[in-house]
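S.K.: I would like the atomic coordinates for the input below:
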Amino acid sequence: MKKSDFPLLMQHPDIVYLDNAATTQKPAMVIEKMSNFLTHSYANIHRGSYALSEAAELEYQRSKTLVAELINCSPKELIYSYNATAAINLLAQSLVNSQVLQKGDVVLVGIWEHHANSLPWMALAKLFGFEVRFFTLNEQYELDWEDFQKKYTAEVKVVACGQVSNVTGGIYDVKKIGSLLREETFFVVDASQSVPNMPVDMQKIGCDALVFTGHKIMASTGIGVLALKNERIKKLNPMIVGGGTIKDVSTTEFSLQSNAEKFEAGTPNIVGAASLAAALDYIKTLSPLGTLRGAMEVIFEHEKALAQYAVKRFQALGNKVQLIGPQNEERVALFSFIVKGKENFNQVGEFFAEKGICIRCGGHCAYPLHKQFGLGGTCRMSAYLYNTTADIDQFFEALEGLIAAF
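M.R.: Sure thing, here's the model as predicted:
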């Protein structure tokens, strides 16, 4: 986990990059793989009978094999999209199209959701007459189980929530949520903030669908993952159709594929898939045994160490800074905060930028959560595998300077 593996960080030694919840930097292995793939192996996939196409097809499928190993599912249960937002929209539309969701039904959503996992449900609810409810967090930013159980009524057909909040940094017990659901309830987990930072096991969670995006785990933009249980694949049909999704077409009707390919309309992001494979290849190098599971344990231990170090630094500031998130060990190294007396978060962000520290300020595409706690916005710093305690120290040196300056 060396910064020297990341060309951009070497090109900009004067910055401290702490905006990893938004996107991660790319190791040289990923950049070189994308360049080599475009230079030596690029062609369209599916049904090409020549060597270049066959090589591209192999790389596309290899990436799915690696993703399946990463989250513990079958490669045949993987659907590639363009990001997590597109994947959730695809899934939500398919649930409506297949009448799993109908008028009078309820979708129960976590209040901490990124808009990617709330707006698709809300938009479809307006069109098709079902309801979206939110279950909340308590004052310690932990899941309010009483509120969840009160709102999980017989009308709830879908539960959708994130495993890690992109605002609080809290790890939420999606396995426990899954254990409380009726068998017929469709359970969707947004793992965009958990898959890059900790081991994630779809089988242990017990969800029907799991979603994440490649660019937050060192792959390129434009590649998202929807993992969907095989029995659900068989029963759901997409709204978005086109090349690659069908078995047969006439002038009056068409029949869809019976496998995951029916959800991948048109030409996929082949280069993005190759970049995701390369990112997972890089992650494997972090494990002494060369396994993705072992590597994710290494990453998570590093994350937890950075998180606990940062928690202590925040606590040392007392009431000068309000930390928006749990202060226990059930978190990743992602922190949203407000500097007391300096609620103009844009000015705070600019102050950090002048010090060469990259953080993000605003609503973080999670307005309902901010509104639950009466917040207009927050500043967020988020570390990743290439960050060090020295980076955290530089962040707090700047934060202490901000407090002293005004």
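S.K.: Show me the strands in the stretch 1-150 of the chain, by range?
M.R.: Using DSSP state E, counting those that start in this stretch, the strands of the stretch 1-150 of the chain run over 16-17, 78-81, 106-110, 131-135.
S.K.: Please name whichever of those strands is nearest to Q61.
M.R.: Distance to Q61, taken as CB to CB, is lowest for strand 78-81 among the strands of the stretch 1-150 of the chain, at 9.8 Å. The C-beta positions use only the backbone N, C-alpha and C, and glycine is treated the same way.
S.K.: List the buried residues for that closest one?
M.R.: Residues of strand 78-81 classed as buried: 78-81 (neighbour count, 16 or more other CB atoms under 10 Å).
S.K.: Going by distance to A219, which of the residues you listed wins?
M.R.: Taking the buried residues of strand 78-81 together and measuring to A219 by CB to CB, the closest member is Y80, at 11.2 Å.
S.K.: picking that back up, distance to F187 for the buried residues of strand 78-81 - can I get that in TSV?
M.R.: What follows is the buried residues of strand 78-81, written out as TSV (distance: CB to CB, whole Å):
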residue	distance to F187
L78	18
I79	17
Y80	21
S81	19
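S.K.: now for the residues you listed, which pair is the farthest apart?
M.R.: Of all the pairs that these form, the one spanning the most space (CB to CB) is L78 and S81, at 10.4 Å.
S.K.: residues shared between the contacts of these two?
M.R.: Among the neighbours of L78, those also in contact with S81 (CB atoms under 8 Å, 6 or more residues apart in numbering) are 225-226.
S.K.: can you pull out the helices in the stretch 1-150 of the chain?
M.R.: Listed in chain order, the helices of the stretch 1-150 of the chain (DSSP state H, counting those that start in this stretch) span residues 7-11, 28-36, 51-71, 84-97, 119-128, 145-151.
S.K.: any idea of the angle the longest one forms with helix 28-36?
M.R.: Put simply, helix 51-71 runs at 160 degrees to helix 28-36, going by axes from the mean of the first three to the mean of the last three CA atoms, to 10 degrees.
S.K.: so what secondary structure elements neighbour helix 51-71?
M.R.: Under the contact criterion of 3 or more CB pairs under 8 Å, 6 or more residues apart in numbering; DSSP states H and E, helix 51-71 touches strand 78-81, strand 224-228, helix 270-284, helix 292-316.
S.K.: export it as PDB, just CAs?
M.R.: Only the C-alpha atoms of helix 51-71 are listed here, as PDB (Å, rounded to 0.1, in the frame of the first residue of the first chain):
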ATOM      1  CA  ALA A  51      -8.800 -13.500 -31.900                       C
ATOM      2  CA  LEU A  52      -9.000  -9.900 -30.700                       C
ATOM      3  CA  SER A  53     -12.700 -10.300 -29.900                       C
ATOM      4  CA  GLU A  54     -12.100 -13.600 -28.100                       C
ATOM      5  CA  ALA A  55      -9.300 -12.000 -26.000                       C
ATOM      6  CA  ALA A  56     -11.500  -9.100 -25.100                       C
ATOM      7  CA  GLU A  57     -14.300 -11.500 -24.100                       C
ATOM      8  CA  LEU A  58     -12.000 -13.400 -21.900                       C
ATOM      9  CA  GLU A  59     -10.900 -10.300 -20.100                       C
ATOM     10  CA  TYR A  60     -14.500  -9.200 -19.600                       C
ATOM     11  CA  GLN A  61     -15.400 -12.500 -18.100                       C
ATOM     12  CA  ARG A  62     -12.200 -12.600 -16.000                       C
ATOM     13  CA  SER A  63     -13.200  -9.300 -14.400                       C
ATOM     14  CA  LYS A  64     -16.600 -10.900 -13.400                       C
ATOM     15  CA  THR A  65     -14.800 -13.900 -12.000                       C
ATOM     16  CA  LEU A  66     -12.700 -11.600  -9.800                       C
ATOM     17  CA  VAL A  67     -15.700  -9.500  -8.700                       C
ATOM     18  CA  ALA A  68     -17.500 -12.800  -7.800                       C
ATOM     19  CA  GLU A  69     -14.600 -13.800  -5.600                       C
ATOM     20  CA  LEU A  70     -14.600 -10.300  -4.100                       C
ATOM     21  CA  ILE A  71     -18.200 -10.300  -2.900                       C
END
